[in-house]
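K.L.:
Sequence and predicted structure are below.
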Amino acid sequence: MGKLFDFTAGVCAVSELLNLPLVAGSTLRVGGEMVLGDRLVSAVGAVGVSPYPPTARKRAEEGDIILLTEGSGGGTITTTALYHGLFDVVWETMDINFIKASEAIFNSRLINDVHAMTNVTNGGLRGDAHEISRTTGLGLKFYEDKIRELINPTVLKMLEGLNIDPLGVSVDSLMIITPEDKADKIKKAISDVGVRIDQIGEVDDKGKSRLVKDGEENELVSLFREAAYTKIKKIVGDTQPDDFQSMKEKTERTAREAIKKKDDIVKMIRER
């Protein structure tokens, strides 16, 4: 954890010194059990000049519609397929639907009509729903059958065959939260570039995320970690450990220390 925080603090220090906002990124050990040794892989989102405000999750509003594009997965799905010898599934992940959908929104000048936009990645839809609810204090209502229809059929078949929760892993879909009267324009723009998209839910004032499945509505709970997609992960499990509170306290302390280190370094460089 200390290594991850120090790395992120270093990237943020550069961002602050250049006066450029850090808008996206990831630090992870790509591949899980497929990776041998201690190796950190990272990515930082490209930064440009835009007249539009960021489509942050906190901008979701009550009454908004939740749209989702078709997802075929990326690194997680590829790792799952390779680990289990299902090599044909890998080809399904090799598309640019996410980029095409994003470009369609910008090219159609519809970005101002989007309140929040995010990709369904680590933690899956469960994780994203939890973060949006926690950030906004609002509720999100999802329809399971609609979500399933927007997961690549080959990928969905693999996940279900391996007993992996499709809502708990990265499927690389683009999730868009927008006012109801703007939803059709966005759906048309994305559909016109050959990417499937549909409404999967709505934002309300219930304060938590729920999933409607087979006519029953239940809370959509974020698991302690993403859905297990290899045998080793299934053994480790996704339940909360006994020392979770202690882990949280240590993590928070380490984060504060990394932030202070970042601030000190930025100050030192600026004063030189």
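P.N.:
Happy to help now that I have it. Numbering: from 1, shown residues only.

K.L.:
Can you report phi and psi for the nearest residue to residue 111 once chain neighbours are set aside?
P.N.:
Spatial nearest neighbour of residue 111, excluding adjacent residues (CB to CB, 6 or more residues apart in numbering): residue 52 at 4.9 Å. Every C-beta, even on glycine, is put in place using the N, C-alpha and C of the backbone. In terms of degrees, to the nearest 10, the main-chain angles of residue 52 are phi -100, psi 150.

K.L.:
Residue 52 touches residue 113, doesn't it?
P.N.:
No: in this structure, residue 52 is not within contact of residue 113 by CB atoms under 8 Å, at 10.4 Å.

K.L.:
ok, now which ones touch residue 261?
P.N.:
6, 9 (CB atoms under 8 Å, 6 or more residues apart in numbering).

K.L.:
quick one on the thing from earlier: looking at residue 52 and residue 113, which one has more neighbours?
P.N.:
More neighbours surround residue 113 than the other of residue 52 and residue 113, with 17 against 10 (other CB atoms under 10 Å).

K.L.:
which of the residues in stretch 10-29 are buried?
P.N.:
Within stretch 10-29, the residues that count as buried by 16 or more other CB atoms under 10 Å are 12-13, 15-16.

K.L.:
Among those, list the two that are farthest apart in space.
P.N.:
Spanning the widest gap among the buried residues of stretch 10-29 are 13 and 15, at 7.1 Å by CB to CB.

K.L.:
Residue 57 is in contact with residue 118, correct?
P.N.:
Yes: applying CB under 8 Å, one finds residue 118 in contact with residue 57, separated by 6.2 Å.

K.L.:
Need the overlap of contacts for the two.
P.N.:
Jointly contacting residue 118 and residue 57 under the rule CB under 8 Å, 6+ apart are residue 128.

K.L.:
quick check: domain ranges of this protein?
P.N.:
Per automatic domain parsing, the structural domains of the chain span 1-49, 52-229.

K.L.:
hey, where'd the helices end up in the chain?
P.N.:
Assigned by DSSP state H, the helices in the chain fall at 2-18, 75-83, 88-92, 97-107, 124-136, 144-149, 153-161, 180-191, 231-236, 244-271.

K.L.:
Go ahead and name everything in contact with the second one.
P.N.:
Going back to what we said before, that points to helix 75-83. With contact meaning CB under 8 Å, 6+ apart, helix 75-83 is reached by 30-34, 86-90, 92-93, 122, 155, 158-159, 162, 164, 169-172, 226, 229-230.

K.L.:
name the helices or strands packed onto the longest strand belonging to the chain?
P.N.:
With secondary structure taken from DSSP state E, the chain has its longest strand at strand 197-204. On a contact count with 3 or more CB pairs under 8 Å, 6 or more residues apart in numbering; DSSP states H and E, strand 197-204 meets strand 65-69, strand 139-143, helix 144-149, helix 180-191.

K.L.:
quick one, the first one and helix 97-107 angle?
P.N.:
When axes from the mean of the first three to the mean of the last three CA atoms, to 10 degrees is applied, the directions of strand 65-69 and helix 97-107 differ by 130 degrees.

K.L.:
Also compute the angle for strand 65-69 relative to helix 124-136, please.
P.N.:
Comparing the axes of strand 65-69 and helix 124-136 via the same axes, to 10 degrees yields an angle of 150 degrees.

K.L.:
Over to the longest one?
P.N.:
Using the same axes, to 10 degrees, the direction of helix 180-191 lies 150 degrees away from that of helix 124-136.

K.L.:
How about stretch 148-166, which residues are buried there?
P.N.:
By neighbour count with 16+ other CB under 10 Å, stretch 148-166 contains the buried residues 150-152, 154-156, 158-159, 162, 164-166.

K.L.:
List just the nearest of the residues you listed to residue 133.
P.N.:
The closest of the buried residues of stretch 148-166 to residue 133 turns out to be residue 165 (CB to CB; 18.5 Å).

K.L.:
Distance check, the closest one against residue 228.
P.N.:
Between residue 165 and residue 228 the computed distance is 8 Å (CB to CB, to the nearest Å).

K.L.:
likewise residue 243?
P.N.:
Noted for residue 243: a distance of 20 Å to residue 228, by CB to CB.
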